[in-house]
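Visitor: show me how the following folds:
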Amino acid sequence: MKFSFEEDQLLFAEATREMLKKDCSPEAINDYAESDSATMPDLWSSFSSMGVLGMAASEAVGGLEMSDQDFVLIMEELGRAACPEPVMEHAALSIPLMEECNNENQYTSILESAINGKQRLSVALEGQYVVGADSADYLLLFRDSLLHLVDKESVDLNRQTSVDPSRRLFSVNWKTSATTVIEGDSDKVRSLIENTKLRAEVATAAQCVGVAQQLLDMTVQYVQERKQFGKPVGVNQAIKHHLADTGKAIEFARPMVYRAAWSLDKDDAEIELAAHMAKLLASKAVDLACETSLQCHGAIAYTLEYDLQIWLKRGLTLSSSWGDIYRQRERIADCLGL
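Guide: The predicted structure follows:
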């Protein structure tokens, strides 16, 4: 089976990468992390203009109706740039989930506003913290086997301490009511939640691969430029081994992530196993990339003034999001009946 991408898919990902270089620089990320602002308006506007926010939405509500295989490349670029905006939560999770509940077109106006970036969505399933809740207009929340759409102004948000200050996490105190329920069929809700979890695992895995690749690229450049005793530290065999092991881990993870995205598109019988394997290998790759980059850079890697810290923090947070290595191993064992 060949998991190759079409030229238009690769061109879209390349265009996204170039946009992120312009609007999501390390300086902009650091400024955002230290500010009280909930958003990066120019970056969000660029996502809207490119159609990224509506990639997963149907054409009926103004989306591009693109596949998970399209989206996985964009998620990888978001990881490579350490993008702070909650694009995954908004575009890959919330919009498809909400559209599935839009049987009578009662939420079409909100969907259309979300696709063009005028309104923001985020989501939490089964007690999770909400990423970017302070910037959202509406939150999709799960409770008592029902799915709710809650106006942010009607809830209490409490920001949580996080390793990565540019990826803001919030707990949400809220009350259910008949007016907040957007899907009351508990069986359908359970199916939607399970599918959303799998999509989240694959999208997060793709971001992990992007972060890991960026860490490896930065480290390779550093060891080529950093000199000791008149020669680059990268000529040392131990350094080469560390970098080679990291590169292998990334190359093992990336095709598994692509395979999982294909399974999502095709509703493959092995989608659960593929998603868990993708997240496991991607988490292992980004964990190793963080460790290797720290070892090869030395003390400078710990400083806030050095840009590497942006990707180290993002890698550590994404590795554990939607199931860390140990949780994924348990899920894989369950899939295999072990």
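
Visitor: Thr317 - how many residues pack around it?
Guide: The local packing of Thr317 (other CB atoms under 10 Å) involves 19 other residues. Yep, even glycine has a C-beta here, placed from its N, CA and C like the rest.

Visitor: doesn't Ala249 make contact with Ala289?
Guide: Yes. Using CB atoms under 8 Å, Ala289 is in contact with Ala249, at 7.4 Å.

Visitor: neighbour count: these two, which is higher?
Guide: Ala289 (31 against 22).

Visitor: picking that back up, mutual contacts of Ala289 and Ala249, please.
Guide: Ala212 (CB atoms under 8 Å, 6 or more residues apart in numbering).

Visitor: domain parsing for this protein?
Guide: Following automatic domain parsing, one gets these domains for the chain: 7-184, 188-335.

Visitor: quick one: average pLDDT of the shortest one?
Guide: Domain 188-335 shows a mean pLDDT of 94 in the predicted model.

Visitor: distance between that domain and the chain's centre?
Guide: Per CA atoms, centre = their mean, to the nearest Å, the displacement of domain 188-335 from the mean C-alpha position of its chain is 12 Å.

Visitor: could you tell me the end-to-end distance of that domain?
Guide: Start-to-end span of domain 188-335 (CA to CA, to the nearest Å) is 22 Å.

Visitor: just the helices from the stretch 1-150 of the chain, written as ranges.
Guide: 7-23, 26-34, 41-50, 68-81, 87, 95-100, 108-115 (DSSP state H, counting those that start in this stretch).

Visitor: Gln207 against Glu76, yeah?
Guide: Yes. With contact defined as CB under 8 Å, Gln207 counts as touching Glu76 (6.9 Å).

Visitor: which one's more surrounded, these two?
Guide: Between Gln207 and Glu76, counting by other CB under 10 Å, Gln207 is the more crowded of the two (30 against 27).

Visitor: quick one: residues contacting the closest residue to that one other than its chain neighbours.
Guide: In space, and not counting its chain neighbours, Gln207 is closest to Gly79: 3.4 Å by CB to CB, 6 or more residues apart in numbering. By CB under 8 Å, 6+ apart, Gly79 lies in contact with 206-214, 314, 318.

Visitor: let's see 7 Å
Guide: Residues in contact with Gly79 (CB atoms under 7 Å, 6 or more residues apart in numbering) are 206-211.

Visitor: for the helices of the stretch 1-150 of the chain, give me CSV that also has distance to Gln228.
Guide: Shown next, in CSV, are the helices of the stretch 1-150 of the chain (distance: least, CB to CB, whole Å):
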stretch, distance to Gln228
helix 7-23, 31
helix 26-34, 26
helix 41-50, 39
helix 68-81, 29
helix 87, 41
helix 95-100, 51
helix 108-115, 52
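
Visitor: those helices: which one's closest to Asp265?
Guide: helix 68-81 (5.0 Å; CB to CB).

Visitor: next, the angle from the closest one to helix 26-34.
Guide: Taking axes from the mean of the first three to the mean of the last three CA atoms, to 10 degrees, one finds helix 68-81 and helix 26-34 inclined to each other by 90 degrees.

Visitor: and helix 68-81, how far out from the chain's middle?
Guide: The answer for helix 68-81 is 8 Å, by CA atoms, centre = their mean.

Visitor: quick check: mean pLDDT across it?
Guide: 96.

Visitor: which of the contacts of Gly79 fall within strands?
Guide: Of the contacts of Gly79, none are assigned to strands by DSSP state E.

Visitor: what sits against the residue nearest the centre of the chain?
Guide: The centroid of the chain falls nearest to Thr204 when counting by CA atoms, centre = their mean (4.0 Å). Taking CB under 7 Å, 6+ apart, we find Thr204 in contact with 279, 318, 321-322.

Visitor: state the number of residues packed around Asn173.
Guide: Neighbours of Asn173 using other CB under 10 Å come to 8.

Visitor: burial check on the residue nearest to it when sequence neighbours are not counted, number of neighbours?
Guide: In space, and not counting its chain neighbours, Asn173 is closest to Asp156: 4.1 Å by CB to CB, 6+ apart. A count of nearby residues for Asp156, using other CB under 10 Å, gives 9.

Visitor: can you check the one 10 residues further on too?
Guide: The burial metric for Ser166, expressed as a neighbour count using other CB under 10 Å, is 21.

Visitor: would you mind measuring from it to Ser46?
Guide: Counting by CB to CB, to the nearest Å, the gap from Ser166 to Ser46 is 17 Å.

Visitor: just Thr108 next, same as before
Guide: 25 Å.

Visitor: neighbour count: the two, which is higher?
Guide: Taking other CB under 10 Å, Thr108 and Ser46 do not tie; Ser46 has more neighbours (19 against 15).
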